[in-house]
Every structure is written in C-alpha cells, then in structure tokens.
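Participant: here is the input, now give the coordinates:
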Amino acid sequence: MKQYVITLDLGTSGFKLGLISEELEVVYSTYQSVRSNDLSTNLDLIIAMLKHLDTEKFPVCGITLSGQMGGVVAVDSNFNPLTPFDSGLDVRCEKYNHLLHATLQEELYEVTCGSPRNTPKIMWWKNERPEVYRKVAKFVPLHTYMAGKMCGLRGEEAVIDHTMLAFWGNENIARLDWWLEGSKALSLELEKFPQVVSPFSFLGSVSREFANLSGIKAGTPLYVGAGDQSAGLYGMGFNRPNLTLEVSGSSTLLFTTTAKHIADTSGTIIYLPALFEGLYYSCSYINGGGINLPWFKNLVDSSADEAAFYKEMGQRASQIDIGSHGLLFNPYLGGRQCPYDSAMKGAFLGLTLEHTTDHLYRSILESIAYAHLIGKERMEELFDLSIETIYCCGGGAKDPLWNQIKASVLSSTVQPLQSYEGNLIGNALIALVGCKIVTLEESINRPIRPTGTPFTPLKSEQARYRPYSELFKNLDTLSYQAISHALSELSQD
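Facilitator: Got it, this is the predicted structure:
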C-alpha cells in the first residue's frame, strides 16, 4: 500500500500543511496566515488544518514539522509554556545581543554560525524575568514546541536538530552542538538548552489526546525536522557546493552552498548547517526584508488585496526609471543583521516633492537588490568563485520587475524555481528517510527544478545601477549630506 507523510512548516507569516506521497506527489496542501504569537491560538490553528486530511484514504506513516529559525518558547518540566512565543522579530533583547557580541568578539564568527538571535532572548529572560527563568526546563523554537505538544513530550525530552543552531549564538558549528566555553562566558546554563540531534531522528508518536483533537491516528511517528530555510534548500535540491539561491520571503536571504566553513569576521556572511554532513549554506540576509512590502502596502492601502496590490504596483513601478529618480531605501527596518548593527534603521534617502508611491515602491525593490550585492561579492571573495546564476524562490520570485532588477544589479542570471512546495518536500523527505522508505542518498540526489524564462543582466541597466549600489555599500561611512548630494546629481542624469 502506498504511504503518505504529513508536513507542517511554521513560518513567520503563516503555516503550510502538506499531505505528500512516497513519490513526492503533493496530494493536498494549504496555507493559513498567522497574525498572533499566542501559542494556544496557533496550536488550535494546526489542529483545524489537520482535521481536513482524509487519513483513512491516505494512510500516514510519518509527520515532520519545520519552522522559523528565530524565536523561542520556554517550557517547564511538563512541556507547558512559561512564555509566549518570543518571535525573532521581537527586538526587546538587543542590549543582550550587543553584550553577546562584545563578550565573544571575533570568536563569534570563528566558532558559531555567526548570527545570534535566540541566545540573546534567553539572556533577556534570565536577567529581566528571573522568576520565570528559574522554572524553565528548556527553551525551544516554535515548531519543536508544537511537535512536543503533538506527541506529549516532557521538558527534559526537548530536542532541536542541528540546522536550528544557526540563529542561537552559543553553538559550535564544527561540532554541531553547544559551545561550552562560549556558554560559560555568557553565564548560560546549558541544561536549559535542548539536546541537538539529527533532523531524521525519531521524536515521538502522536499521543492519544492529540489524536482525539486532530483526527490523526495515535501512534503515528514524528521526526525531528529542521529549520525552515535548511529544509527548503534540501527539498529544492541545493545539496552540493557552489549553488546560489535567493529567497524572497518574510526575510530576504542569499545563500551559496559550500563544503567548508570559512569564518567571516566582518559579519557579512553567516552560516546555516545542511541536514547532512559535509555541506553548509553561507548566507547574507535582511531580517524582515520581505516584510517591507506589506509594511508599505498597509501605509498606502491597508484594505487592498495583497496580490492585486503588488501586481498593480509592479506594473506602475516598471514605468519608473532606474534609480527611482535619485531615491535610495535603507531596508533595515528591524535593524541590520549582516553585518550586525541593530541601531541601523530604515530610511528613504533623497526624498523630494517629486517622488510618488511608485518611486518609493521601486526603490524598495532596488535597495534589497543592492543589499544582496554586498553579500554576493563577499561570498565570491571568501570562496574564490564567480556566481553566474542565482536561483530564486518565495513570493518575490513571481515578480518579473524585481527579478530583472536583481539580475542587472547582481550581474547574474536570475532563474525562478518551482518553489512554493520546497519546505513541504524537504519535510516530506525527512519523514520518508526516517520511515526508511527513501535513503538519505536518494533524498540528496534531487534535481533543481527551474520554471519559466531566466532573467539576464542588461548592460544598459548595469551601468546605471552601479552608482546607486556603490552609495548603498557606503551607507556606514558616508555622511547624510554626501549621500543626498550624490542622489541629487543622479536624479538629474
């Protein structure tokens, strides 16, 4: 009898559910946006999504969850939450992020993955809410919490897979485990951190209580799963060195696969471990970069349909000349992460009475491409390579204007992928490997699946984008006056 797996991806903006066959056919999938960090509300949403599955017709042999890699929940010994979900977009803990950077200094980049997000949150809870911290058995990410509730784990049984180490801050990337010396320097107790295991490990079985709520058969095995970005890369076939992918999601990321970790003490490049040994995903990213677009939409017309709004704005922005008439957008509304500078916040630079919403929209698209160029050039320098093709996925990959902007700014061919189901396929493969229906080798040797026509750099555009990208590179060092004067001159060209 054909077997099926259930996959859940708990992203920053919403949850995806898939029912997938052993041949990786997506039998059913759905997406629900999420507006709340309330754990009970989110668990109820998952239960409601699962109730739609016909598990009598499609027998399920395993379940895997993946999730956003930033953010933690504190649980007690009974796996009950002591805190709400402390999201990666919540920046209350930034003074502890500064302290972490000051304490670890260059070792942060030499020993860890290079982008601390979760450990500063734990430092915040320890110092600002000690009465809560004392009761904590483990701090876990969102999808681990939900999986634990599905199979009735106790606090001491909490685990994460090694890809989830990427956004903590006291991990050892070479050992794929916690960094003892760094944790001591930060006065952290490692017993409050989950055990690190393989993403393909057995986590537990669906409890009878959860089965009664959801309709999923009690005893169905759950596998540990992975961080959403690593799961998506694995599912889309980015499983060998020297491949580059741009992800236009809630955060915008640029990845290049590499067989080795080379510390970037500038902080421009961070790392995510792959699901299997011998591969890393080097990365530069804009924390919340993709959220700039819904932020802008809500300022302009909060009641508009999102898809229709972006389609119309894309068409209108395509009529605006390159450079948005001397306008530059700083996309770090949540602070900059690569390299780290939480005090660098967003801005429109060069703004005049002549600018319209069309100019502002285009400048957002252009400036995210300028930020990617910094990461691309640093990757090429670190790994001694030339990135000629950049695959792209996520909601932004459907925008032809944005794809052409990226191609010309980055001087690389931009090739969209069949990407919506990347995380679901990655999760499905984890469960199928766990169930021993698919071997790890078979799961790794998957082809990359392009879709549509690639976007190639246009020489006429490259030359005109260059001065804007150079200005963007020097936002740290140029005065506001110098930037304004340069943009004023460019607007006259």
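
Participant: switch to C-alpha atoms for all contacts and neighbour counts from now on
Facilitator: Noted.

Participant: give me the most central residue, the chain.
Facilitator: residue 229 (5.1 Å; C-alpha atoms, centre = their mean).

Participant: domain parsing for the chain?
Facilitator: 4-229, 239-416+458-493 (automatic domain parsing).

Participant: where does the residue nearest to the centre of the chain fall, secondary structure wise?
Facilitator: helix 228-235 (DSSP states H and E).

Participant: quick one, what contacts residue 200?
Facilitator: 223, 224, 225, 430, 431, 433, 434 (C-alpha atoms under 8 Å, 6 or more residues apart in numbering).

Participant: by contact count, what packs against whichever helix in the chain runs longest?
Facilitator: Longest helix of the chain, by residue count under DSSP state H: helix 357-383. For helix 357-383, the contact count by 3 or more C-alpha pairs under 8 Å, 6 or more residues apart in numbering; DSSP states H and E identifies strand 252-258, strand 280-286, helix 292-301, helix 306-317, strand 328-330, helix 400-410, helix 459-473 as packing neighbours.

Participant: how about these in JSON lines, adding distance to residue 18, mean pLDDT and mean neighbour count?
Facilitator: Formatted as JSON lines, the helices and strands packed on helix 357-383 follow (distance: least, C-alpha to C-alpha, whole Å; pLDDT from 0 to 100; neighbours: other C-alpha atoms under 10 Å):
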{"stretch": "strand 252-258", "distance to residue 18": "24", "mean pLDDT": "96", "mean neighbour count": "25"}
{"stretch": "strand 280-286", "distance to residue 18": "25", "mean pLDDT": "95", "mean neighbour count": "26"}
{"stretch": "helix 292-301", "distance to residue 18": "25", "mean pLDDT": "94", "mean neighbour count": "14"}
{"stretch": "helix 306-317", "distance to residue 18": "22", "mean pLDDT": "94", "mean neighbour count": "15"}
{"stretch": "strand 328-330", "distance to residue 18": "36", "mean pLDDT": "96", "mean neighbour count": "24"}
{"stretch": "helix 400-410", "distance to residue 18": "28", "mean pLDDT": "97", "mean neighbour count": "23"}
{"stretch": "helix 459-473", "distance to residue 18": "40", "mean pLDDT": "95", "mean neighbour count": "16"}
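
Participant: got the ones you listed as TSV, with distance to residue 101 columns?
Facilitator: Formatted as TSV, the helices and strands packed on helix 357-383 follow (distance: least, C-alpha to C-alpha, whole Å):
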stretch	distance to residue 101
strand 252-258	22
strand 280-286	18
helix 292-301	27
helix 306-317	38
strand 328-330	23
helix 400-410	30
helix 459-473	23
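
Participant: picking that back up, buried set for the longest helix of the chain?
Facilitator: 358-376, 378-379, 383 (16 or more other C-alpha atoms under 10 Å).

Participant: can you check stretch 125-136 too?
Facilitator: 125, 126, 133, 136.

Participant: tell me if I'm right that the second one and residue 133 touch.
Facilitator: Yes. A contact is recorded between residue 126 and residue 133 when judged using C-alpha atoms under 8 Å, the distance being 5.3 Å.

Participant: which residues in the stretch 151-300 of the chain form helices?
Facilitator: Remark: helices assigned in the stretch 151-300 of the chain by DSSP state H, counting those that start in this stretch are 180-185, 208-214, 228-235, 292-301.

Participant: does residue 266 touch residue 339 like I think?
Facilitator: Yes. The criterion here is C-alpha under 8 Å, and residue 266 meets it with residue 339 at 6.6 Å.

Participant: next, format the helices of the stretch 151-300 of the chain as a markdown table and append distance to residue 25.
Facilitator: A markdown table is the format used below for the helices of the stretch 151-300 of the chain (distance: least, C-alpha to C-alpha, whole Å):
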| stretch | distance to residue 25 |
| --- | --- |
| helix 180-185 | 43 |
| helix 208-214 | 23 |
| helix 228-235 | 13 |
| helix 292-301 | 32 |
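
Participant: out of those helices, which is closest to residue 331?
Facilitator: Minimum separation from residue 331 across those (C-alpha to C-alpha) falls at helix 292-301, 7.1 Å.

Participant: between helix 306-317 and the closest one, find me the angle.
Facilitator: Helix 292-301 runs at 90 degrees relative to helix 306-317, counting by axes from the mean of the first three to the mean of the last three C-alpha atoms, to 10 degrees.

Participant: could the buried residues of stretch 125-136 go into JSON lines alongside secondary structure and distance to residue 143?
Facilitator: JSON lines is the format used below for these (DSSP: H, G, I helix; E, B strand; the rest coil; distance: C-alpha to C-alpha, whole Å):
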{"residue": "125", "secondary structure": "helix", "distance to residue 143": "20"}
{"residue": "126", "secondary structure": "helix", "distance to residue 143": "22"}
{"residue": "133", "secondary structure": "helix", "distance to residue 143": "21"}
{"residue": "136", "secondary structure": "coil", "distance to residue 143": "18"}
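
Participant: in stretch 52-61, what counts as buried?
Facilitator: 53, 55, 58, 59, 60, 61.

Participant: strands - which of these land there?
Facilitator: Taking DSSP state E as the definition of strands, the buried residues of stretch 52-61 contribute 60, 61.

Participant: closest one to residue 36 out of the buried residues of stretch 52-61, please.
Facilitator: Residue 36 has its nearest neighbour among those in residue 53, at 23.9 Å by C-alpha to C-alpha.

Participant: who touches residue 429 in this structure?
Facilitator: Residue 429 makes contact with 235, 438, 443 under the criterion C-alpha under 8 Å, 6+ apart.

Participant: can you tell me the element it falls in?
Facilitator: helix 422-434.

Participant: alpha carbons of that helix, as PDB, please.
Facilitator: The C-alpha trace of helix 422-434 is given here as PDB (Å, rounded to 0.1, in the frame of the first residue of the first chain):
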ATOM      1  CA  GLY A 422      10.100  23.400  -1.300                       C
ATOM      2  CA  ASN A 423       9.700  23.300   2.500                       C
ATOM      3  CA  LEU A 424       6.900  20.700   2.300                       C
ATOM      4  CA  ILE A 425       9.100  18.500   0.100                       C
ATOM      5  CA  GLY A 426      12.100  18.900   2.400                       C
ATOM      6  CA  ASN A 427       9.900  17.900   5.400                       C
ATOM      7  CA  ALA A 428       8.400  15.000   3.400                       C
ATOM      8  CA  LEU A 429      11.900  13.700   2.600                       C
ATOM      9  CA  ILE A 430      12.900  13.900   6.300                       C
ATOM     10  CA  ALA A 431       9.900  11.800   7.200                       C
ATOM     11  CA  LEU A 432      10.400   9.300   4.300                       C
ATOM     12  CA  VAL A 433      14.100   8.900   5.300                       C
ATOM     13  CA  GLY A 434      13.000   8.400   8.900                       C
END
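
Participant: heading C-terminal from that helix, find the next helix or strand.
Facilitator: With secondary structure assigned by DSSP H and E, helix 422-434 is succeeded by helix 440-444.

Participant: who touches that next one?
Facilitator: 234, 237, 239, 429, 433.

Participant: the first one contacts residue 272, correct?
Facilitator: So that's residue 234. No. Counting by C-alpha under 8 Å, residue 234 stays clear of residue 272, with 11.8 Å between them.

Participant: any idea of the pLDDT on residue 492?
Facilitator: The model reports residue 492 with a pLDDT of 83.

Participant: oops, could you answer that again for residue 419 instead?
Facilitator: The score at residue 419 is 64. That number is its pLDDT.

Participant: residue 286: which of the contacts of residue 200 is nearest?
Facilitator: residue 225 (24.4 Å).

Participant: I'd say that closest one and residue 68 touch.
Facilitator: No. Using C-alpha under 8 Å, residue 225 makes no contact with residue 68, being 11.8 Å away.
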